[in-house]
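**Q** One predicted model, sequence on top.
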Amino acid sequence: MYYLKMQAVMAIAAWAFTSGGQNVPVARDRAPGLHSRGNYDMTELQNKLSSSAKIYYPNSTEFDDASARWSLLDEPKVNVVVVPGTENDVAATVQFANQRELPFLAYTGAHGSLTTLGKMDQGIEIYMTQLDTVTVAGDGKTATIGGGAMSKAVVDALWNAGKQAVTGTCECVSILGPGLGGGHGWLQGHHGLVADQFVSMNIVLANGKLTTIDTTSDLWWAMKGAGHNFGIVTSLTTKVFDIQHRDWAIETLTFSGDKVEAVYQAANDYLLKNGTQPEGLINWSYWLNNPGADPNNPVIIFYIIQEGVTTVDGAYTQPFHNIGPISIEPASGTYTDLAGWTGIANSSPPCQKGALANPRFPIYLQSYNVAAQEKAYGVFANAVRGNSAFNNSIFMFEGYSMQGVNAISADSSAFAFRSENILAAPLINYLPAGPGLDTQVANLGNQLRDILRDGTGQDDLRAYVNYAYGDETLQELYGSDSWRQSRLHSLKKKYDPSGKFSFYAPIA
């Protein structure tokens with residue numbers, strides 16, 4: 001796909017050019033490491049950990065690699081990295097941090113870009129990478145997955161066993177990172193969200209206790225949508241399914257920006273159909289700069305994805321052909337090709353960590369308001385074209401099948417937005433250059449989001465917590481129903497009264 005190759009070259013070039021200073025992150029080096037403060041010795045923790053656990057200190061390659069994040073806007077500052085070798089190591093680390101009154105934060109894919117993460121100041125990172133096992137149960141109905149297992153590893157291990165699970169779409173995030181916030185995935189039209197598949201989990205609570213919870217726990221409801229606020233999941237048992245369709249197909253259409261209204265009207269009429277988009281049919285799109293296709297304005301990259309076929313049905317694609325795309329690129333393969341086709345594979349630019357900021361400004365929509373789409377496109381194009389500091393930014397629109405999500409009761413989990421059909425988010429990509437530029441980005445991202453919100457006719461914003469910027473209210477992230485807010489606050493008071501888990505979209 002020429003446009004993705006072009007975008008990859010541009011993004012990776014920018015990353016390579018700016019990443020040279022990342023070996024010694026300045027913000028982290030301004031404070032001494034915990035091991036050198038003198039009031040205790042990190043060997044005390046080391047002696048409590050398993051033989052496979054590791055501790056990394058600043059000014060080492062291991063520390064830099066383990067603490068690197070995808071977005072450098074308001075990134076957390078850590079002084080030491082603990083790499084657990086066992087689930088009990090996570091508990092021991094939390095207990096140690098509590099005894100020393102030190103903040104701690106679990107890392108997996110490190111793709112969270114909320115500004116609230118910046119409140120983590122000089123504490124312990126718990127890097128979950130070694131807890132990565134995937135084991136399918138003998139009956140083939142569930143799998144137990146380590147808390148640090150990444151999506152691609154889970155998908156590949158299950159695929160090789162003839163199984164599938166609902167996971168996040170991006171290969172370089174964990175299964176639990178998205179899942180604790182609800183978790184959208186390619187298979188949600190059949191089975192529901194990632195969180196809807198949870199059967200049980202081992203979790204380290206704020207007091208450092210490792211415990212197992214399932215549907216019998218009052219905490220279970222909160223872990224499915226607001227889980228980042230309540231503990232560190234060290235392992236998860238989740239539903240898995242026999243592979244239903246090995247064949248998948250995609251058609252990638254590139255449109256010039258003057259086709260915005262026509263493209264999204266067609267999406268409403270022929271794909272979404274008032275929320276009845278068929279199971280196994282997905283529409284995705286990106287707005288991004290691609291000088292090879294249009295040297296002056298961002299283009300629209302529109303994907304139509306269908307399972308169980310080798311060519312996307314013409315009933316879905318022909319209306320878009322009639323609009324007059326710049327190019328049409330069909331492809332066929334398997335479920336394991338989806339991330340590569342949509343530019344979110346391990347090798348894709350969004351999975352590379354460097355020296356760039358990547359805040360997102362998410363909003364849920366029920367359908368595309370074509371007038372709002374056109375207005376947002378105009379603002380976006382003016383902000384990112386040419387030599388703009390934001391010219392590697394993208395605007396994302398994810399339109400999954402919703403039958404499996406809607407089939408599950410809305411009050412069954414802390415995830416509150418089951419009636420929405422589209423997840424949209426501008427992602428402003430830029431090289432940090434001080435608070436002035438950060439403020440400009442926040443203004444742009446919120447302006448774009450507000451345009452789409454105005455198009456919904458709703459007063460309230462409904463935002464996906466896993467894409468959140470950090471200025472959203474609790475009602476915007478977890479639902480405005482008073483009973484939801486009351487239940488979350490009550491559980492927070494019970495399980496984390498001191499606010500140990502207060503960095504990722506915190507429940508105050």
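**A** It's in. Computed from a predicted structure; not experimentally measured.

**Q** wait, residue 442 sits on residue 469?
**A** Yes - counting by C-beta atoms under 8 Å, residue 442 touches residue 469, with 7.3 Å between them. Bear in mind the C-beta positions are built from the backbone N, C-alpha and C, glycine included.

**Q** More neighbours: which of those two?
**A** The residue with more neighbours, out of residue 442 and residue 469, is residue 469; 24 against 18, by other C-beta atoms under 10 Å.

**Q** Need the overlap of contacts for residue 442 and residue 469.
**A** residue 359 (C-beta atoms under 8 Å, 6 or more residues apart in numbering).

**Q** secondary structure class for the residue lying closest to residue 298 once chain neighbours are set aside?
**A** Of all residues not flanking residue 298 in the chain, residue 287 sits nearest, at 4.8 Å (C-beta to C-beta, 6 or more residues apart in numbering). Recorded secondary structure, residue 287: strand (DSSP: H, G, I helix; E, B strand; the rest coil).

**Q** Now for residue 287: which residues touch it?
**A** Counted by C-beta under 8 Å, 6+ apart, residue 287 has contacts 257, 298, 299, 300, 301, 377, 380, 381, 394, 395.

**Q** Out of the residues you listed, list just those in helices.
**A** Under the assignment DSSP state H, the contacts of residue 287 contribute 377, 380, 381 to helices.

**Q** give me every residue that touches the first one.
**A** Spelled out, that is residue 377. With contact taken as C-beta under 8 Å, 6+ apart, residue 377 is in contact with 257, 260, 287, 298, 395.

**Q** How about the second one?
**A** Residue 380 makes contacts with 287, 298, 393, 395, 426, 448, as judged by C-beta under 8 Å, 6+ apart.

**Q** let's see it at 10 Å
**A** Contacts for residue 380 (C-beta atoms under 10 Å, 6 or more residues apart in numbering) come out as 257, 287-288, 297-298, 390, 393-395, 426, 428, 444, 447-448, 451.

**Q** out of these, which one sits closest to residue 310?
**A** Closest approach between these and residue 310, by C-beta to C-beta: residue 288, at 27.6 Å.

**Q** Now distance to residue 270 and pLDDT too, for the contacts of residue 287, in JSON lines please.
**A** What follows is those, written out as JSON lines (distance: C-beta to C-beta, whole Å; pLDDT from 0 to 100):
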{"residue": "257", "distance to residue 270": "21", "pLDDT": "97"}
{"residue": "298", "distance to residue 270": "23", "pLDDT": "98"}
{"residue": "299", "distance to residue 270": "21", "pLDDT": "98"}
{"residue": "300", "distance to residue 270": "16", "pLDDT": "98"}
{"residue": "301", "distance to residue 270": "18", "pLDDT": "98"}
{"residue": "377", "distance to residue 270": "20", "pLDDT": "98"}
{"residue": "380", "distance to residue 270": "24", "pLDDT": "98"}
{"residue": "381", "distance to residue 270": "25", "pLDDT": "98"}
{"residue": "394", "distance to residue 270": "24", "pLDDT": "97"}
{"residue": "395", "distance to residue 270": "21", "pLDDT": "98"}
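
**Q** for stretch 109-117, how far is the first residue from the last?
**A** By C-alpha to C-alpha, to the nearest Å, the extent of stretch 109-117 from end to end equals 14 Å.

**Q** ok, of the ones in helices among the contacts of residue 287, which one's closest to residue 110?
**A** Distances from residue 110 to the ones in helices among the contacts of residue 287, taken by C-beta to C-beta, are shortest for residue 380, at 26.6 Å.

**Q** how close does the closest one sit to residue 427?
**A** Using C-beta to C-beta, to the nearest Å, residue 380 is found at 11 Å from residue 427.

**Q** what touches both of those two?
**A** Residues touching both residue 380 and residue 427 (C-beta under 10 Å, 6+ apart) are 288, 390, 393, 394, 395.

**Q** Return the list of helices and strands in contact with the longest helix along the chain.
**A** Longest helix in the chain by number of residues (criterion: DSSP H): helix 435-456. Under the contact criterion of 3 or more C-beta pairs under 10 Å, 6 or more residues apart in numbering; DSSP states H and E, helix 435-456 touches strand 363-365, helix 370-384, strand 394-399, strand 422-427.

**Q** quick one: contacts of the first one?
**A** Among residues not part of strand 363-365, those counted as contacts by C-beta under 10 Å, 6+ apart are 272, 372-373, 397, 399, 416-426, 448-453, 455-456, 458, 461-464, 467, 472, 476.

**Q** what secondary structure does residue 494 sit in?
**A** What three-state DSSP gives for residue 494 is helix.

**Q** Quick one: residues contacting it.
**A** Neighbour list for residue 494: 218, 219, 230 [criterion: C-beta under 10 Å, 6+ apart].

**Q** Okay, strands next: where are they in the stretch 151-300 of the chain?
**A** Remark: strands assigned in the stretch 151-300 of the chain by DSSP state E, counting those that start in this stretch are 163-164, 198-204, 210-213, 232-239, 241-242, 248-255, 281-290, 294-307.

**Q** Could you dump those strands into CSV and include distance to residue 91?
**A** Below are these laid out as CSV (distance: least, C-beta to C-beta, whole Å):
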stretch, distance to residue 91
strand 163-164, 30
strand 198-204, 5
strand 210-213, 4
strand 232-239, 8
strand 241-242, 32
strand 248-255, 41
strand 281-290, 39
strand 294-307, 41
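
**Q** low-confidence ranges in the protein?
**A** For the chain, the stretches with pLDDT under 70 are 1-41.

**Q** mind giving me the domain split of it?
**A** 23-128, 134-243, 248-478 (automatic domain parsing).

**Q** looking at these, which is buried most?
**A** The highest mean neighbour count among these, using mean count of other C-beta atoms under 10 Å, belongs to domain 134-243: a mean of 22.

**Q** Relative to the whole chain's centre, how far out is that domain?
**A** With C-alpha atoms, centre = their mean, to the nearest Å as the basis, domain 134-243 stands 14 Å off its chain's centre.

**Q** Check the separation of the first and last residues in that domain.
**A** In domain 134-243, first residue to last residue: 17 Å (C-alpha to C-alpha).

**Q** any idea how far residue 315 is from residue 287?
**A** Applying C-beta to C-beta, the value for residue 315 to residue 287 is 26 Å.

**Q** scratch that, residue 214
**A** Residue 214 is 42 Å from residue 287, by C-beta to C-beta.

**Q** CA atoms only: put stretch 146-165 into PDB for me.
**A** The C-alpha trace of stretch 146-165 is given here as PDB (Å, rounded to 0.1, in the frame of the first residue of the first chain):
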ATOM      1  CA  GLY A 146      -0.200 -13.300  31.800                       C
ATOM      2  CA  GLY A 147      -0.800  -9.600  32.800                       C
ATOM      3  CA  GLY A 148       2.100  -8.500  30.500                       C
ATOM      4  CA  ALA A 149       1.100 -10.500  27.400                       C
ATOM      5  CA  MET A 150       0.900  -8.300  24.300                       C
ATOM      6  CA  SER A 151      -1.900  -8.600  21.800                       C
ATOM      7  CA  LYS A 152       0.100 -10.000  18.900                       C
ATOM      8  CA  ALA A 153       1.600 -12.800  21.100                       C
ATOM      9  CA  VAL A 154      -1.900 -13.600  22.400                       C
ATOM     10  CA  VAL A 155      -3.400 -13.600  18.900                       C
ATOM     11  CA  ASP A 156      -0.600 -15.800  17.400                       C
ATOM     12  CA  ALA A 157      -0.600 -18.300  20.300                       C
ATOM     13  CA  LEU A 158      -4.400 -18.700  20.100                       C
ATOM     14  CA  TRP A 159      -4.400 -18.900  16.300                       C
ATOM     15  CA  ASN A 160      -1.800 -21.700  16.400                       C
ATOM     16  CA  ALA A 161      -4.200 -23.500  18.700                       C
ATOM     17  CA  GLY A 162      -7.100 -23.000  16.400                       C
ATOM     18  CA  LYS A 163      -8.600 -20.400  18.800                       C
ATOM     19  CA  GLN A 164      -9.500 -16.700  18.900                       C
ATOM     20  CA  ALA A 165     -10.300 -14.200  21.600                       C
END
